[in-house]
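>>> Kindly return the folded structure for what I paste below:
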Amino acid sequence: MGIVGLGYVGLPLAVEFAKAGFDVTGIDLSDQKVAKVNAGESYIPDIPTTVLAELVSQGKLRATTDFAVVSDLDTINICVPTPLRKTKDPDMSFIVEACQDVTSHFHAGMLVILESTTYPGTTDELVLPMLEESGLKVGEDFFLCFSPERVDPGNARFQTSNIPKVVGGSTPACTEMGRLFYAQALETVIPVSSTQVAEMVKLLENTFRMINIGLANEIATMCNGMGINVWEVIEAAATKPFGFMPFYPGPGLGGHCIPIDPFYLSWKTKQAGIEARFIELAGQINGQMPHFVVEKIQQALNDHSKPVKGSHVHIYGVSYKRNIDDVRESPALDIMLLLERKGARVTYTDPHVPSLRLGERTLESQPESVAGDADCVAIITDHSAFDYKRLHDTAKLLVDTRNALKGISSKKIVRL
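Predicted coordinates for the structure are as follows:
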């Protein structure tokens with residue numbers, strides 16, 4: 001089998017199938033990733049280097065930049081990025097380029113599965129015509145499916161092998177072929193009736209989270225204006241045993257899915273003359289949260305007779321979620337830029353992100369002791385590696401956007 005794209009989706013999938021006994025070939029345009037895989041060095045936190053190295057040494061997993069290997073493959077999974085343009089239109093260039101490279105070596109009998117998150121209709125409207133240029137017929141000469149990736153980086157309980165896998169094909173025969181394929185390595189496979197249903201499943205999952213996080217963030221701003229502790233409100237509401245699921249406010253949306261995927265659906269529905277009002281509204285609310293956090297920092301400093309301009313603000317945690325090294329779409333970066341524009345001197349601590357690019361500059365993660373010298377410390381992402389008790393004892397002023405200091409009371413703590 002082959003996998004195009006050896007990122008946070010592709011490499012874990014490659015490892016699971018290699019562990020199941022498949023001969024797996026990973027294809028990636030990054031010479032660095034290919035070299036690391038072939039050396040048995042993992043760059044994905046959820047994949048231990050020891051596991052990857054063993055599979056490589058056994059000859060079960062290898063990587064290349066050459067798409068010519070497709071000629072010898074029976075299956076190919078496409079796991080490439082699908083970002084949004086600045087206009088929030090889907091950027092299909094990575095999928096198109098991957099399919100073009102695959103079709104150059106396409107042959108009868110192949111199973112092709114797209115896993116990249118995208119708008120409903122992509123598989124049959126974009127990918128299928130490219131494959132049919134070979135003269136082969138889908139469902140008979142080759143098989144085409146869509147299966148949404150479901151990855152939660154840093155989740156020790158649910159990983160690729162035990163997260164139920166949804167798959168839908170262009171024809172019933174395609175769906176069955178996809179089901180049989182995934183069943184060889186994954187615990188649970190959920191077949192659905194079409195590629196469009198499978199594509200929509202992913203968008204529903206992430207839109208559900210985006211909108212409910214947006215609601216929690218709006219409730220947080222309401223509570224802030226009325227002097228109510230939003231965390232206490234949510235915890236009390238969560239005791240209801242039915243009809244309520246707790247979502248929590250935060251400094252904004254980050255990561256590879258939640259801030260982006262719902263806008264694929266919004267873009268697609270606009271083509272059908274349907275306005276995705278919940279998505280647009282939630283996007284606006286979530287997009288304003290970095291500004292809200294900066295306002296809380298500004299107010300906290302002002303209450304201590306300090307302006308933002310000239311103050312040293314130290315950020316705790318810059319990854320988009322706890323205990324990972326991923327800063328894609330992280331609201332921490334927006335918060336840092338907004339603070340700098342107001343004249344603050346910004347530093348950060350994050351054991352998982354030793355350095356990051358902020359505007360035109362590269363910043364290095366600082367020791368936790370730097371927090372004691374700052375005028376204000378803002379917890380943007382909470383990490384298990386952080387010593388919050390020490391932080392509470394040494395920091396002059398704390399702004400807690402993640403409830404990381406839950407249970408610690410102090411006049412110097414300002415909470416979201």
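
>>> if I look at residue 362, how far off is residue 70?
Separation of residue 362 from residue 70 (C-beta to C-beta, to the nearest Å) stands at 38 Å. Just so you know, the C-beta spots here come from the backbone N, C-alpha and C atoms, and that holds for glycine as well.

>>> do the same with residue 112
Distance of residue 112 to residue 70, given as C-beta to C-beta: 10 Å.

>>> Give me the more crowded residue out of these two.
Using other C-beta atoms under 10 Å as the criterion, residue 112 and residue 70 rank with residue 112 on top: 30 against 21.

>>> So what's the residue count around residue 360?
Neighbour count for residue 360, taken as other C-beta under 10 Å: 5.

>>> Phi, psi for it please.
phi -100, psi 0 (degrees, to the nearest 10).

>>> now the one 3 residues further on
Per-residue torsions, residue 363: phi -110, psi 150 (degrees, to the nearest 10).

>>> Look up which residues are beta-bridged to it.
residue 356 (DSSP bridges).

>>> So it is in contact with residue 354, correct?
No. Using C-beta atoms under 8 Å, residue 363 makes no contact with residue 354, being 10.0 Å away.

>>> Let me see the residues that make contact with the least confident helix or strand in the chain by mean pLDDT.
Every helix and strand in the chain was compared by mean pLDDT, DSSP states H and E; the lowest is helix 261-271, with a mean of 84. With C-beta atoms under 8 Å, 6 or more residues apart in numbering as the contact definition, helix 261-271 has outside contacts at 82, 84, 88-90, 117-121, 200, 202-203, 206-207, 210-211, 275-276, 279-280, 282-283.

>>> Neighbour count for residue 363 and residue 354, which is higher?
Neighbours of residue 363 and residue 354, each counted by other C-beta under 10 Å, are more numerous for residue 363; the result is 17 against 9.

>>> Need the pLDDT of that one.
As predicted, residue 363 sits at a pLDDT of 95.

>>> quick one on the thing from earlier: what sits in contact with each of residue 112 and residue 70?
Counting by C-beta under 8 Å, 6+ apart, the residues touching both residue 112 and residue 70 are 76, 102.

>>> Could you give the backbone dihedrals for the residue lying closest to residue 257 once chain neighbours are set aside?
If the residues on either side of it in the chain are set aside, residue 257 comes closest to residue 206, at 5.1 Å by C-beta to C-beta, 6 or more residues apart in numbering. Residue 206 adopts backbone torsions of phi -80, psi -30, taken as degrees, to the nearest 10.

>>> mind listing what residue 206 touches?
Residue 206 sits in contact with 117, 257, 258, 261, 262, where contact means C-beta under 8 Å, 6+ apart.

>>> And residue 321, by the same measure?
Taking C-beta under 8 Å, 6+ apart, we find residue 321 in contact with 153, 154, 254, 255, 381.

>>> pLDDT at the residue located most distally from the centre of the chain, what is it?
Most distant residue from the mean C-alpha position of the chain: residue 305, 39.1 Å away (C-alpha atoms, centre = their mean). On the pLDDT scale, residue 305 is placed at 95.

>>> Repeat that for residue 2.
Per-residue confidence (pLDDT) for residue 2: 97.

>>> Name the SS class of the residue farthest from the centre of the chain, please.
Each residue gets one of three states, and residue 305 gets coil by DSSP: H, G, I helix; E, B strand; the rest coil.

>>> Okay, the residue nearest to residue 257 and residue 123: tell me how far apart.
Per C-beta to C-beta, residue 206 is found 18 Å from residue 123.

>>> repeat for residue 378
Noted for residue 378: a distance of 43 Å to residue 123, by C-beta to C-beta.
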